[in-house]
Each structure stands twice: as C-alpha cells, then as structure tokens.
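Visitor: I would like the atomic coordinates for the input below:
(2 chains)
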Amino acid sequence: MDGKVIVITSGKGGVGKTTTTANIGTGLAKLGNKVALIDADIGLRNLDVVLGLENRIVYDIVNVVEEQCRLEQALIKDKRYNSLCLLPAAQTRDKTAIAPEQMEELCNCLKEDFDYVIVDSPAGIEQGFQNAIAGADDAIIVTTPEVSAIRDADRIIGMLEAEGIKEPEVIINRMRMDMVEKGDMMDIDDMIEILAIKLLGVVPDDEQIVVSTNRGEPIILSSDKAKAGQAFENIARRVIGDKVPLMSLEDSFVDRFKRIIGLG
Amino acid sequence: MLEAIKNFFKDEEDSKDVAKERLELVLVHDRINISPETLEDMKGELIEVVSKYVQIEESRLEINLAQDDRMIAIKANIPVKGQK
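Guide: Okay, the predicted model is just below:
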C-alpha cells in the first residue's frame, strides 16, 4: 500500500488544528480508510485528549525514533474504529528530540500500512514545523477569520511552497455567519481571494465542539448532526476525492425560531 | 433588506472591509519582504532612469505593490509632463 501523508498546520496557535486533525482522521476512518494520526507537537501533547485516548499511552514518538520500542508498540488503537491509530507526542521532551529525516522515515514506514497518515503540526515556523512537514505529500492549513490568523497562514503557505509542497489547501474554522451578515467578519470569498489558495472547507463556530472535546469524542461522531460535525464530514469526503459542495452555514428559519424559543 | 437600509445610513465602513484592506497591504509586503527604504531607493532610481528620456512629474510618481493571484507585482505610475 502507498498511503498519503497529509500535514495539518497553521501559522497562529489556537486556531483548531488538533480538533481538525482528530475530526478529519476519524472521518477518514469512518469512510473505511486505515488512518494513522501523528501528534508532532512534541512537548505539548494534545491530540490524545481530544480523541479521548490519553489513558492508553505507554510509548510515544520519541521512544520510537530513539528505538526504545517498536513503531507498532507505540501506536494506540482508537476506541471506536479499529482502523484508526494514534502515534502520540512526547510530553517531557522538546521539539529538537526528533530530526526531519527521522520524521520522514516514520511517515514512509506508516505509509506502507495506512491509507492516510495525518500529521498534527505545531503552530509557527520553528523547528517543530520543519519536522512536521518533512514527510508530507500534501498540506492543509487551518485558519480562523481574523487578520492575524490569516496573515500567519499566508506565511505558512509561502514556506510550504518553498519546501516543495505545492497547492496546499485551507480550512476556515470558527466561521460566524451572524457576524458576516453584519459586516463584522470577512466572508469566505474575501479570504480566498486574499490568500489565493484552494478552499477545502469551512467549519462554523459551534459550541458543541467544546462539549465534544470535553468528552474526548470528535464532533464528527455526534449523532445530533451538529453543523461543525457535518462540515468535518464534508471535508473528510473531499480529502478522499469526493466532490461535495459547500454547505450553507446560514441559519435556516427553523434554526432561528428554535433559538428564539430557547431550543437551539 | 433591513441590513441594507441600516448600512445606507451608516457612514462608518464595515469592519470586515477594513480588515480586508489592511490584510491585503500587509500580505503583499510580507510576501516579498522589501523594506520601505528599498522601495524609496527604487523610486529614486526609477526617476533617474525615466527622466533620461521624458520629463516626469516627480512629486506624483507612485510605486506600489499589488497582488495578482499569489504573485506580487510592482506597479509604478509615472506621470509624464512631456518630451525631453
């Protein structure tokens, strides 16, 4: 098998990379793919808690590159999908604990057994970023609709192109249609025009994300079809090549009515 | 409709338009990383070169960076007064 390595990255921190990684990974597994997630944010491990796998960790990525365990021993199987695995970050080490060549080798190894290897990168352009993109075939940039996040995303797009990752795609996270309507938030067209990059998806700002993170259960699995969950599902389908139109993020009349009477 | 009427009476620009304008400016400078001094130097030399051939209005010469897809273009607007 020759899987694809996709790095999920951003310029600014706190834009929702880890949540995005967890949801795309789970979504791809749900669609029947074998998926390995790598938490490349060494020192600040977090993908494990978002996935609800924190109490299963024995070995981590640094143990693997330092040959204290085999790669298979460090891979944690997801509770819900057998075909989804996590390679956790080390928490007690720093970003220099692995080298880009080691990351590349790791990705190449995982590619043989998995359809998709998704790397959750640390924010910014320091050493951690260089490591995270070392073995990547494609990149997804996560940004929010604020000036600072978009500016930093643009820097990352430039860096990725310089590193030979052509045509990265962007996910705009935490979109608030009520603010767009008032003219207080840039709309999707504005942002895509400025960044001049392909749009992979838009995720609405949704308080259910907080709830799902609290529970360690990616929102894509929630049964009540939260809009953010639906957005991630569409994104996962676009990653495997399906043509899925952008969903409408505007509140329907029913949604508004429900909110007014306190049901939504 | 209500929004449109509200916007009509509002003289303040929407904050999203301000954001877009500021971002565009910041990004073209980020992308090519030219300092304002270099841009000034370039302007000076341009004036020199063009003045060899035509009379120009130096005070109104404008040199700007603009975005075209992910490419950055340097756009110079040089008002010509007449032949040399």
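Visitor: pLDDT value on the residue positioned nearest the centre of chain B, please?
Guide: With distances taken as Cα atoms, centre = their mean, the residue of chain B nearest its centroid is B:Asn64 (3.5 Å). Note for B:Asn64: predicted pLDDT of 83.
Visitor: do the same with B:Pro36
Guide: For B:Pro36, the predicted pLDDT is 81.
Visitor: tell me how many other residues crowd it.
Guide: Per other Cβ atoms under 10 Å in any protein chain shown, the neighbour tally for B:Pro36 reads 8. In this view, the C-beta of every residue, glycine as well, is placed from N, C-alpha and C.
Visitor: and what of the one 5 residues further on?
Guide: For B:Asp41, the neighbour count with other Cβ under 10 Å is 12.
Visitor: which of the helices or strands spans A:Ile8?
Guide: strand A:4-9 (DSSP states H and E).
Visitor: what's the average pLDDT for that strand?
Guide: The pLDDT scores in strand A:4-9 average 97.
Visitor: list the helices and strands the helix or strand just after it packs on?
Guide: Going down the chain from strand A:4-9, the next helix or strand is helix A:17-30, by DSSP H and E. With contacts taken as 3 or more Cβ pairs under 8 Å, 6 or more residues apart in numbering or on different chains; DSSP states H and E, helix A:17-30 sits against strand A:4-9, strand A:35-39, helix A:47-51, strand A:84-87, strand A:116-120, strand A:138-143, strand A:169-175, helix A:227-239.
Visitor: what mean pLDDT does the fifth one get?
Guide: Strand A:116-120 carries an average pLDDT of 98.
Visitor: starting at the chain centroid, how far to the following helix or strand past that strand?
Guide: Along the chain past strand A:116-120, the next helix or strand (assigned with DSSP H and E) turns out to be helix A:127-133. Between the centre of helix A:127-133 and the centre of its chain there are 15 Å (Cα atoms, centre = their mean, to the nearest Å).
Visitor: and helix A:127-133, C-alpha only, in CSV?
Guide: Extracted in CSV, the C-alpha atoms of helix A:127-133 (Å, rounded to 0.1, in the frame of the first residue of the first chain):
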residue,chain,number,x,y,z
GLN,A,127,11.9,23.5,14.3
GLY,A,128,8.6,21.7,15.1
PHE,A,129,7.2,22.9,11.8
GLN,A,130,10.2,21.7,9.8
ASN,A,131,9.8,18.3,11.4
ALA,A,132,6.1,18.0,10.9
ILE,A,133,6.2,18.7,7.1
